[in-house]
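**Q** Dropping a prediction and its sequence here:
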Amino acid sequence: MTPFQFDTEQEFFIDPQRCIGCHACEMACAECETNGQLPMISVDYVKRALSPQTSVQICMHCEDPACAKVCPADAITKDEFGVVHSANTARCVACSNCVLACPFGVPKKIELSDLMMKCNMCYDRTSVGLRPMCATVCPSGALWYGRREKLEEARPHSSPVHTFVFGQQEIRTKVHIMMPKGSTRLVVD
Amino acid sequence: MNEDPVPSKPAWEVDFPIERLEAEHVNRREFAKFLVLVSGGMCVGTAWVAVKDKLFPERHPPARQRICKIEDLSIGKMLAFVLTGSGTPCILIRLAENEWRVFEQKCTHLSCAVFFEPKLGKIVCPCHHGFFDARTGAVLQGPPPRPLRRFETAIIDGEVYAIASPSVSEKA
């Protein structure tokens, strides 16, 4: 029997509209000892004064990760499955270049350990065929991990999008965001 | 660089790839380059040692060398000097009225400069706290593997001389 590898058929989909702000994903993420019991996911209010709507942000695992490109210590790498790994603790010099470079604001510099830490799509779980912690606990399906056909069947009015436009820069990611049917990209200006 | 798999990438991205597979991959050409460079380096190094030995034979110091006058050095003091010819740095120590010692100043561990510490009555290497006996040059403590090289001394007409060969501790 061949050892189980990361299942590239399964993908991550985020639907910010479904986020109800319960923080279950943060709690689940922080239960994991591999990230020092700190949440690597953030639940943010979109516009606190006007609406209770929240949104959730995990690492989008860019195809051409800005965090890894700006790392002077070569601490951030992308593996053959497209997962952008958190900083190699032996190499990270806590310069915060990645924190400033990430267009999604994902990497955080943890002052306690003087290291950058970020979501690695629960690599310890996904590499053996389990779903990421946040996706297993999300009660509203805002965080969803699985096969694309199954999702498209369940949510016929949404399209998964993985192209983001930030000004003149176009970024493609491994993680998808759910947009209204027919959308092909998300333009952030 | 026609073997470059992705020629459009700038050199720094080729040298420091983000992709794990690329970062860990060592291709045949790189491995061969490494082998040739290392073995070539060793060949050149060995050849250089051989050539240096032939072209620049070791110069021997004169049989004896004047260091200073007796009254120049009081008891318990140290004087550093260099043996002419071989250029060996040495120290002269006056232990008592008529007790003089000359040792090579290089620690036998990693060649740091040793000095005489009159309070302890020992020769000290500050780098890794090696201690030598000031009378014999024997290792008392620390990492040095061998005693300090010692030279004989002679007093002729009120002047101290170092006798370059043969060294006492090497014979012993």
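**A** That came through, no problem. Remember, predicted model here, so these are calculated numbers, not experimental data.
**Q** in the longest strand that chain A contains, what's buried?
**A** Longest strand in chain A by number of residues (criterion: DSSP state E): strand A:169-180. By 16 or more other CB atoms under 10 Å in any protein chain shown, the buried positions in strand A:169-180 come out as A:171, A:173, A:174, A:175, A:176, A:177, A:178, A:179. C-beta here means a position set from N, CA and C on the backbone, and glycine is covered the same way.
**Q** I figured the third one hits residue A:11, correct?
**A** By that I understand residue A:174. Yes. Residue A:174 is in contact with residue A:11 according to CB atoms under 8 Å; the separation is 7.4 Å.
**Q** Which of the buried residues of strand A:169-180 sits closest to residue B:134?
**A** Using CB to CB, residue A:174 is the member of those that lies nearest residue B:134, at 71.2 Å.
**Q** Quick one, grab the pLDDT at the closest one.
**A** Per-residue confidence (pLDDT) for residue A:174: 95.
**Q** One more: the one 5 residues further on?
**A** At residue A:179 the predicted local confidence, pLDDT, stands at 95.
**Q** so who does it touch?
**A** Contacts for residue A:179 (CB atoms under 8 Å, 6 or more residues apart in numbering or on different chains) come out as A:158, A:159, A:160, A:161, A:186.
**Q** could you redo the last one with a cut-off of 7 Å?
**A** By CB atoms under 7 Å, 6 or more residues apart in numbering or on different chains, residue A:179 lies in contact with A:158, A:159, A:161, A:186.
**Q** those helices in chain B, which residues are they?
**A** Taking DSSP state H as the criterion, chain B carries its helices at B:11-15, B:20-24, B:28-55, B:168-171.
**Q** Please spell out the ChimeraX selection for the buried subset of the contacts of residue A:179.
**A** Listed next is the ChimeraX selection for buried residues among those, using 16+ other CB under 10 Å:
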select /A:158,159,161
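**Q** got the contacts of residue A:179 as JSON lines, with secondary structure and pLDDT columns?
**A** Shown next, in JSON lines, are these (DSSP: H, G, I helix; E, B strand; the rest coil; pLDDT from 0 to 100):
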{"residue": "A:158", "secondary structure": "strand", "pLDDT": "94"}
{"residue": "A:159", "secondary structure": "strand", "pLDDT": "95"}
{"residue": "A:161", "secondary structure": "strand", "pLDDT": "96"}
{"residue": "A:186", "secondary structure": "strand", "pLDDT": "94"}
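**Q** ok, the contacts of residue A:179 vs residue A:44, which is closest?
**A** Closest approach to residue A:44 among these (CB to CB): residue A:186, at 16.2 Å.
**Q** And the buried residues of strand A:169-180, which two are furthest apart?
**A** In the buried residues of strand A:169-180, two members sit farther apart than any others by CB to CB. They are A:171 and A:178, at 17.2 Å.
**Q** measure residue B:20 to residue A:81 for me?
**A** As judged by CB to CB, to the nearest Å, residue B:20 and residue A:81 stand 10 Å apart.
**Q** just residue A:179 next, same as before
**A** Applying CB to CB to residue A:179 and residue A:81 gives a distance of 24 Å.
**Q** Which secondary structure state does residue A:98 sit in?
**A** Under DSSP: H, G, I helix; E, B strand; the rest coil, residue A:98 falls in the helix class.
**Q** what sits against the residue nearest to residue A:122 when sequence neighbours are not counted?
**A** Leaving aside its chain neighbours, residue A:122 sits nearest to residue A:132 (3.8 Å; criterion: CB to CB, 6 or more residues apart in numbering or on different chains). Shown in contact with residue A:132 (CB under 7 Å, 6+ apart): A:121, A:122, A:125, A:126, A:145.
**Q** which residues does the residue nearest the centre of chain B contact?
**A** Residue closest to the average C-alpha location in chain B (CA atoms, centre = their mean): residue B:111, at 3.5 Å. Neighbouring residues of residue B:111 by CB under 7 Å, 6+ apart: there are none.
**Q** so what's whatever residue of chain B ends up closest to chain A up against?
**A** Per CB to the nearest CB, residue B:18 is where chain B lies closest to chain A, at 4.2 Å. Going by CB under 7 Å, 6+ apart, residue B:18 touches A:65, A:68, A:69, A:77, A:78.
**Q** Quick check: which of those residues are also close to chain B?
**A** Intersecting those with the contacts of chain B gives A:65, A:68, A:69, A:77, A:78 (criterion: CB under 7 Å from any CB of the partner chain).
**Q** where are the low-confidence patches of chain B?
**A** B:1-7, B:61, B:165-172 (pLDDT under 70).
**Q** tell me which parts of it are close to chain A?
**A** Residues of chain B lying near chain A (CB under 7 Å from any CB): B:16, B:18, B:19, B:20, B:21, B:23.
**Q** Recalculate using a threshold of 8 Å.
**A** By CB under 8 Å from any CB of the partner chain, the part of chain B that sits against chain A consists of B:13, B:16, B:18, B:19, B:20, B:21, B:23.
**Q** I figured residue A:68 was touching residue A:78, is that so?
**A** Yes. The criterion here is CB under 8 Å, and residue A:68 meets it with residue A:78 at 6.1 Å.
**Q** Overlap of the contact sets of the two?
**A** Shared contacts of residue A:68 and residue A:78, defined by CB under 8 Å, 6+ apart, are found at A:84, B:18.
**Q** before we move on, back to that, in strands, which of the contacts of residue B:18 appear?
**A** Using DSSP E, no member of the contacts of residue B:18 falls in strands.
**Q** Just flag the most distant two among those.
**A** Greatest spatial distance in those: A:69 and A:77, 11.2 Å, computed using CB to CB.
**Q** which one of those two has more residues nearby?
**A** residue A:77 (23 against 16; other CB atoms under 10 Å in any protein chain shown).
**Q** is the closest residue in space to residue A:103 that isn't next to it in sequence in a bridge, and if so with what?
**A** Distances taken as CB to CB, 6+ apart place residue A:166 nearest to residue A:103, at 5.1 Å, with adjacent residues excluded. Under DSSP bridges, the beta-bridge partners of residue A:166 are residue A:169, residue A:188.
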